[in-house]
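> based on what follows, work out the 3D shape:
(2 chains)
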Amino acid sequence: MDHQGASASKWAREPSSDEDEHRQKKRKKEKRFKKAKDSPSVRDGSGTPSSTMGRMDETPGHPDAATSLEQSEERDMAVDSDSQVPEYHINVPDAPQYPALTGCRSVENYEKLNRISEGTYGVVYRAKDRLTGEIVALKKLKLDQEKNGFPITSLREVYTLLLAKHPHIVNVREIVVGDTLTQIFIVMDFIEHDLKELMSEMRAPFLQSEVKTLMLQLLSATELLHENWILHRDLKTSNLLLNNKGEIKVADFGLARRYGEPQGLMTQPVVTLWYRAPELLLGSKQYTTAIDMWSIGCIFAEFVNNEPLLPGRSEAEQLEKIFKLLGVPNDKIWPGYSKLPLASHVPNFVQPYNLLRSRLPYLTENGLDLMSKMLTYNPAKRITAEEALKHPYFSEAPPPKHPSMFPTWPSKGERTVKRNASPSAPQAIHGHGQEDEEVGGLFNFANQESTGFRLKV
Amino acid sequence: MSQNKLSLQNALLTLEQLQQTPSREDDITEEQEDNLRQLGCHLIQTAGILLKLPQVAMATAQILFQRFFYMASLRKFAVRDISMGSIFLAAKVEECPCRVTDLINVIDHLCKKFKRKATEPLVPFSHDYYHLKDAVVIAEMQILKKLAFNVHVQLPYAIMVNYLKVLELTDHPTIPQRAWGFLNDGLRTSIYICYQPPTIACGVIWLAAREAGVPLPTSPAWWEVLDSDLEDIENIAGHIKSLYFKALPIPDLPLTIEQVEPYIKRDSNNGSHATPPSKGTRVSRFS
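Next up, the predicted model:
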């Protein structure tokens, strides 16, 4: 407080000469620029508005012409550690660090090695950067049957990947074009495994210590997404990549989108069936980050058991599986349940018990508690990513295994083409436009008006 | 490689890009280029209103349009096509997609109106209809390609409102509206590709307050508190004000690629056009 008062009064007493102030400002700017350059968010070119705000704290206080330059240097250092001094400067970084306008590079800069997989809306290749020799993944977007131009889902994917820079979210490098305008490739870091593939090859499930590490990584990535008002909407094991350093990377943001308050209506059938939250199955048009948490709960169980928790084949069967496992919900545990569009069509059967324990006999009490909080019917009560990270499950023995201690496996991506082992997310959302919505669904739930999406099994 | 980074920050022009645009290299004069840029922005803004798009979509579209023609020449890409592509793309970027059919109907109507032709509705499934439809998709891809998919734009509207609050100007009868209008009109100039949103916000507030005769704090100077340079602010204000000193000769301006060549030739033959106020003129000259 003293410091603040003193400098403020000095400011008032001794009005600065313009020249001095200008000189000082310039100096400050240089210094600030240097700092900004050093900060990681700028170095990787992904400075988001929030990171700019973060740097506000680092900016020195107002110029004070009365002190000599050396002194002000010293004081600036002091200010950095002392946030008591009033801030007169909001740091708007100087121009040179912004990206210049440039065109797309050609796919010729990469040498295609082999095909890794064929996803719902694009083929993924393994390729080598001709300049640096780095191995990357090239995701080719399917644009052939687009009537509505470039798919909005791909725009969202690019946007969310850029916004969500996180050690456990796959890194997008650039976008390159082929010879014709229909050949667009997203260039991403190459990651050796996807968890679906890996788990199908493993003889024993992950150890508890490994499960904890994977869950912590997944939750921290999800926390960042939700903090930035992004829903992933298609979390599942085949969208989680694992490198040989034991690090998970969340991938495939083809369904991700921003959401806000107040919430608009969003496309209903999202998330691959096995990982789809009950409110979605019951036709709710408004949903929150809780749908991602349900998916994470299913993934958690899959890590522990090495098999999918709720492998339903149709929407009706999926709901039935959920009810058989967790009991049939009612308005008491899930207020508003009976008002959901499809709740009245739920087949009438009585199963009042939560049988989660029987499916996960070897999980500790804390582990089971976390899972049942993720698989809570009421979306408002369901645990958030932030809360889940603090759950005692992660602090009890055995502690999470350090990622570097993870076993390694030979990468499938280097050898074979893999087929889709689990069902895909609903097709129509992958940008085929409004026209497709009239197509009748194969698995209509309880003869309701068609949701218009066919399940690819 | 370092230049090719994808980013959510607004891309800014380098000095060379600003001075030597692709159109200039294609023998299009600065005045012609300015006119065509303004025409495109005018087309986007008017079409956006008819399509009932939110202003953010129109603003994004105009910035994409402006950026595009720093990467490509006005001789090779038609103002009409790139305007359509910008609207189509910006509407998707801002999560309010518009239908291709609506878009081409509106654009066709406006183009006829701009040319003072009878505004007959576009015949569905006619040759023109399919031609326009293809043009939209192609233009969109061209924009994405030329801008290397850096199509997410930071806009200064929200920042300006916050700055107005900081300066306690929100209740002033004219300043907020005027500053907002300057932001919209400023889309027709190069300020959005030369400065970052906070600087632009300061520029329009400075101009609006000046026109309303409202003094703002000077010790410390308010723009320094908001970390903008007076020089930049005056430059922005100058660019915006220069818009109001010349009427755009809309019917004479080329909308399609066929109309471009005669326009360039005709104008370069008679050099008797009044020169517009040079860019970057200080506002003090006008007021």
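
> around chain A, which positions in the stretch 51-200 of chain B sit nearby?
Where the stretch 51-200 of chain B comes near chain A, counting by C-beta under 8 Å from any C-beta of the partner chain, the residues are B:67, B:70-71, B:88-89, B:92-93, B:95, B:97, B:99-100, B:136-138, B:140-142, B:144-152, B:154, B:193, B:196, B:198-199. In this view, the C-beta of every residue, glycine as well, is placed from N, C-alpha and C.

> quick check on the residues you listed: which are buried?
B:67, B:70-71, B:88-89, B:92-93, B:95, B:97, B:100, B:136-138, B:140-142, B:144-152, B:154, B:193, B:196, B:198-199 (16 or more other C-beta atoms under 10 Å in any protein chain shown).

> just for the stretch 1-150 of chain B, where's the confidence low?
B:1-6 (pLDDT under 70).

> and with 80 instead?
B:1-16 (pLDDT under 80).

> tell me where the stretch 151-300 of chain A has strands.
A:172-177, A:184-189, A:193-194, A:230-231, A:240-242, A:248-250, A:257-258 (DSSP state E, counting those that start in this stretch).

> as JSON lines, those with distance to A:Leu131 and mean pLDDT would be great.
Converted to JSON lines, the strands of the stretch 151-300 of chain A look like this (distance: least, C-beta to C-beta, whole Å; pLDDT from 0 to 100):
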{"stretch": "strand A:172-177", "distance to A:Leu131": "12", "mean pLDDT": "88"}
{"stretch": "strand A:184-189", "distance to A:Leu131": "12", "mean pLDDT": "90"}
{"stretch": "strand A:193-194", "distance to A:Leu131": "26", "mean pLDDT": "84"}
{"stretch": "strand A:230-231", "distance to A:Leu131": "32", "mean pLDDT": "90"}
{"stretch": "strand A:240-242", "distance to A:Leu131": "24", "mean pLDDT": "91"}
{"stretch": "strand A:248-250", "distance to A:Leu131": "23", "mean pLDDT": "92"}
{"stretch": "strand A:257-258", "distance to A:Leu131": "34", "mean pLDDT": "81"}
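
> list the ones among the residues of the stretch 51-200 of chain B next to chain A that fall in helices.
Residues of these located in helices (DSSP state H): B:67, B:88-89, B:92-93, B:100, B:136-138, B:140-142, B:144-146, B:193, B:198-199.

> contacting residues around the one residue in the stretch 251-400 of chain A that gets nearest to chain B?
In the stretch 251-400 of chain A, the residue that lies nearest chain B is A:Arg258 (6.9 Å; C-beta to the nearest C-beta). Contact partners of A:Arg258, counting by C-beta atoms under 8 Å, 6 or more residues apart in numbering or on different chains, are A:156, A:159-160, A:229-231, B:95.

> same thing with B:Ala179?
Per C-beta under 8 Å, 6+ apart, neighbours of B:Ala179: B:160, B:164, B:204-205, B:207-208.

> strands - which of those residues land there?
If you go by DSSP state E, the contacts of B:Ala179 have nothing in strands.

> can you lay out those residues as CSV showing neighbour count?
As requested, these are exported to CSV (neighbours: other C-beta atoms under 10 Å in any protein chain shown):
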residue, neighbour count
B:Met160, 24
B:Leu164, 22
B:Val204, 28
B:Ile205, 29
B:Leu207, 24
B:Ala208, 26
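
> residues from the stretch 151-300 of chain A in reach of chain B?
Close to chain B, as judged by C-beta under 8 Å from any C-beta, the stretch 151-300 of chain A has residues A:152, A:155, A:158-159, A:162-163, A:172-175, A:177, A:181, A:184, A:257-258.

> tell me the mean pLDDT for stretch A:362-380?
For stretch A:362-380, the mean per-residue pLDDT is 93.

> what about it, start to end distance?
29 Å (C-alpha to C-alpha, to the nearest Å).

> list the contacts of that stretch.
A:208, A:277-279, A:287-288, A:290-291, A:293-294, A:296-298, A:300-301, A:304, A:326, A:329, A:333-335, A:337, A:354, A:356-357, A:360, A:382-383, A:388, A:391-393, A:396.

> of these, buried ones?
A:208, A:277-279, A:287-288, A:290-291, A:293-294, A:296-298, A:300-301, A:304, A:326, A:329, A:334, A:337, A:356, A:360, A:382-383, A:388, A:391, A:393.

> residues contacting B:Ser68?
Actually, residue B:68 is Phe rather than Ser. Applying C-beta under 8 Å, 6+ apart, the residues near B:Phe68 are B:77, B:82, B:86, B:142-143, B:146-147.

> thinking again about what came up before, buried among the contacts of A:Arg258? Need that as a selection in PyMOL.
Command for PyMOL that selects the buried part of the contacts of A:Arg258, burial taken from 16+ other C-beta under 10 Å:
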select buried, (chain A and resi 156+159+160+230+231) or (chain B and resi 95)
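
> would a markdown table of the contacts of A:Arg258 with distance to B:Gly181 be doable?
Listed next are these as a markdown table, based on distance: C-beta to C-beta, whole Å:
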| residue | distance to B:Gly181 |
| --- | --- |
| A:Arg156 | 31 |
| A:Tyr159 | 29 |
| A:Thr160 | 33 |
| A:Trp229 | 30 |
| A:Ile230 | 33 |
| A:Leu231 | 36 |
| B:Glu95 | 25 |
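
> and B:Pro215, which of the three is it?
For B:Pro215, the assignment made with DSSP: H, G, I helix; E, B strand; the rest coil gives coil.

> neighbours around A:Ser338, how many?
13 (other C-beta atoms under 10 Å in any protein chain shown).
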